[in-house]
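*Asks:* okay, here's the prediction I keep looking at, along with the sequence it came from:
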Number of protein chains: 2
Amino acid sequence: LESRMSSEHIVKSFDDELKQLSQMVAQMGGLAEAQLQAAIEALVARDAEQAARVVQSDARIDQLERQISNQTIRMLALRQPMAQDLRQIVAALKISSDIERIGDYAANVAKRAIALTQSPPMRPVGGIARMGRLVQQIIKDTLDAFSENDADKAVAAWKRDQEVDDMYNSLFRELLTYMMEDPRNIGPSTHLMFIAKNIERIGDHATNVAEIIHFLVRGEDITEARPKSDKTSFTVVNAPEDKA
Amino acid sequence: LESRMSSEHIVKSFDDELKQLSQMVAQMGGLAEAQLQAAIEALVARDAEQAARVVQSDARIDQLERQISNQTIRMLALRQPMAQDLRQIVAALKISSDIERIGDYAANVAKRAIALTQSPPMRPVGGIARMGRLVQQIIKDTLDAFSENDADKAVAAWKRDQEVDDMYNSLFRELLTYMMEDPRNIGPSTHLMFIAKNIERIGDHATNVAEIIHFLVRGEDITEARPKSDKTSFTVVNAPEDKA
């Protein structure tokens, strides 16, 4: 009897550890989502101080990633989990790595938002903010899918990345036009291009997370073709003069 | 006796599996290094066919990552490794994730090299090629450090990323100048900026790998401050007209 009780105690405590691990991942994801939101707000409001706070706060996300990594290694070593538990731990490790990148990209958006306060406002900022809010929603839905073990919700979030790519492609062309119209637009437009690219990559990492969740819940990959399509890498751009 | 022999048999076979896992990681890294080299060569030679082969070959790297991921999960489940063996398996998983990103960035360099064959040659391509070769060398040294369990070699490779960032910062400014001089340069310069950024990020992932190797061999993080410094995110750029 004593042995069974002790074994039950271990089982319960392992479930607690798994739950705690998931909470750390959810917390890290929530922070990354908030960082993106704050970076976009700082960009729109031309608020260098808020942007600087975003840059500083990235350290907290990096710290959480290290904690999750240490926790997973500890659980693998001490608990020697099997099957689904093991997959869950490895998924937490992989998801935290994607979220860490999302945090990096959000911090880079904030850095560029600081630089952009030094030049006049640019109209495409509005489109970038819309794209940022869409990606933020995708992150949120993906994190909900993770917390609820909901593969369908993960697929739905994953599919919306196509909209992000479409917005990115059209923003890219708009920014090129601005650059060609007036050389004074080149500096700020370059920052906005990299900001748009950062947000597009955040979307990619969110779809990675959605794929990991789907595999975790269903035991198989998402079978539909990945919606990924940054067409701008293939874009051949000619200055207006060349079109004549 | 039979039991001891069988236990020795299991131990040997686990070492074989660990060795095989390391070889898969080294093979994947070698492929990514070759992809970067081929992409840079295609860019310099304006060879759209070679560039297209690089884009296609990225699937092989993605496939290897999935194999490594499956292999690590299998080893964790069946072998329930402890301590150093466990750290080695988790390191293989993390390194393969960084190498997968390196492959993605190399493929994106190749995609943009295809687009660039449609516009006249640009002088900054030479500087980008030098930066690409430096990053390729850093990847090679990092992979050597991995194969030889050499933490000092990993630190040496890690330090050289500072040179990459310096080259990136100066290329970025050079490309801005080209864009401002003539609007026909804007399209190709934009591709070259993203190519330079891709290579800079490849350097970042190589330093990540170096950090993982250092932790694996020494059991502690690299203590020196990370040399990371993409100054261009903070760059305030004004067109020549504004400087007057």
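*Replies:* Perfect, thanks for sending it.
*Asks:* what stretches of chain A score poorly on pLDDT?
*Replies:* Residues of chain A that meet the criterion pLDDT under 70 lie in A:1-12, A:225-230, A:236-244.
*Asks:* which residues of it fall in helices?
*Replies:* Counting by DSSP state H, chain A has helices at residues A:2-45, A:48-79, A:83-116, A:125-147, A:151-159, A:161-181, A:186-218, A:240-243.
*Asks:* the third one vs helix A:48-79, what angle?
*Replies:* In this structure, helix A:83-116 runs at an angle of 160 degrees to helix A:48-79, with axes from the mean of the first three to the mean of the last three CA atoms, to 10 degrees as the basis.
*Asks:* just how off-centre is helix A:83-116 within its chain?
*Replies:* Once both centres are worked out by CA atoms, centre = their mean, to the nearest Å, helix A:83-116 turns out to sit 6 Å from its chain's centre.
*Asks:* next, the angle helix A:2-45 makes with that helix.
*Replies:* 20 degrees.
*Asks:* which other helices and strands does helix A:83-116 contact?
*Replies:* helix A:2-45, helix A:48-79, helix A:125-147, helix A:186-218, helix B:48-79, helix B:83-116 (3 or more CB pairs under 8 Å, 6 or more residues apart in numbering or on different chains; DSSP states H and E). Glycine gets a C-beta too; all of them are placed from N, C-alpha and C.
*Asks:* rerun that using 10 Å as the cut-off
*Replies:* helix A:2-45, helix A:48-79, helix A:125-147, helix A:186-218, helix B:48-79, helix B:83-116, helix B:186-218 (3 or more CB pairs under 10 Å, 6 or more residues apart in numbering or on different chains; DSSP states H and E).
*Asks:* can I get these in JSON lines including distance to A:Met167 and mean neighbour count?
*Replies:* Shown next, in JSON lines, are the helices and strands packed on helix A:83-116 (distance: least, CB to CB, whole Å; neighbours: other CB atoms under 10 Å in any protein chain shown):
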{"stretch": "helix A:2-45", "distance to A:Met167": "13", "mean neighbour count": "17"}
{"stretch": "helix A:48-79", "distance to A:Met167": "22", "mean neighbour count": "17"}
{"stretch": "helix A:125-147", "distance to A:Met167": "4", "mean neighbour count": "20"}
{"stretch": "helix A:186-218", "distance to A:Met167": "8", "mean neighbour count": "24"}
{"stretch": "helix B:48-79", "distance to A:Met167": "24", "mean neighbour count": "17"}
{"stretch": "helix B:83-116", "distance to A:Met167": "19", "mean neighbour count": "23"}
{"stretch": "helix B:186-218", "distance to A:Met167": "18", "mean neighbour count": "24"}
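*Asks:* need the helices of chain A in TSV with distance to B:Gln88, can you?
*Replies:* Formatted as TSV, the helices of chain A follow (distance: least, CB to CB, whole Å):
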stretch	distance to B:Gln88
helix A:2-45	22
helix A:48-79	11
helix A:83-116	15
helix A:125-147	28
helix A:151-159	31
helix A:161-181	34
helix A:186-218	22
helix A:240-243	55
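*Asks:* tabulate the helices and strands packed on helix A:83-116 (CSV), appending distance to B:Arg173.
*Replies:* Formatted as CSV, these follow (distance: least, CB to CB, whole Å):
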stretch, distance to B:Arg173
helix A:2-45, 23
helix A:48-79, 22
helix A:125-147, 24
helix A:186-218, 11
helix B:48-79, 26
helix B:83-116, 20
helix B:186-218, 11
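*Asks:* re the thing from before, can you tell which of the helices of chain A is closest to B:Val90?
*Replies:* Nearest to B:Val90 among these is helix A:48-79 (5.9 Å), distances taken as CB to CB.
*Asks:* circling back: so for B:Met122, which of the helices and strands packed on helix A:83-116 sits nearest?
*Replies:* With CB to CB as the measure, helix B:186-218 is the member of the helices and strands packed on helix A:83-116 nearest B:Met122 (5.2 Å).
*Asks:* re earlier: what about the helices and strands packed on helix A:83-116, which gets the closest to A:Ala92?
*Replies:* helix A:2-45 (5.1 Å).
*Asks:* quickly check: the closest one near chain B or not.
*Replies:* No - using CB under 10 Å from any CB of the partner chain, helix A:2-45 never reaches chain B; the gap is at least 12.0 Å.
*Asks:* which other helices and strands contact that helix?
*Replies:* Partner elements for helix A:2-45 (3+ CB pairs under 10 Å, 6+ apart): helix A:48-79, helix A:83-116, helix A:125-147, helix A:186-218.
*Asks:* what about the residue nearest to A:Ala196 when sequence neighbours are not counted, distance to chain B?
*Replies:* Spatial nearest neighbour of A:Ala196, excluding adjacent residues (CB to CB, 6 or more residues apart in numbering or on different chains): A:Leu171 at 4.9 Å. Separation of A:Leu171 from chain B (CB to the nearest CB, to the nearest Å) stands at 13 Å.
*Asks:* need the contact list for A:Leu171.
*Replies:* Residues near A:Leu171 by CB atoms under 10 Å, 6 or more residues apart in numbering or on different chains: A:124, A:127-128, A:130-131, A:192-193, A:195-197, A:199-200, A:232.
*Asks:* likewise for A:Lys140?
*Replies:* A:29-30, A:33, A:37, A:157, A:206.
*Asks:* what do you get for A:Ala129?
*Replies:* A:40-41, A:43-44, A:199.
*Asks:* of these, closest to chain B?
*Replies:* A:Leu43 (12.8 Å; CB to the nearest CB).
*Asks:* A:Ala51 is in contact with that closest one, correct?
*Replies:* Yes - assessed by CB atoms under 10 Å, A:Leu43 is found in contact with A:Ala51 at 7.4 Å.
*Asks:* shared neighbours, the two?
*Replies:* Listed as contacting both A:Leu43 and A:Ala51 by CB under 10 Å, 6+ apart are A:109-110, A:112-114, A:116-117.
*Asks:* kindly indicate which of those lies nearest B:Arg218.
*Replies:* Closest approach between the shared contacts of A:Leu43 and A:Ala51 and B:Arg218, by CB to CB: A:Ala110, at 33.3 Å.
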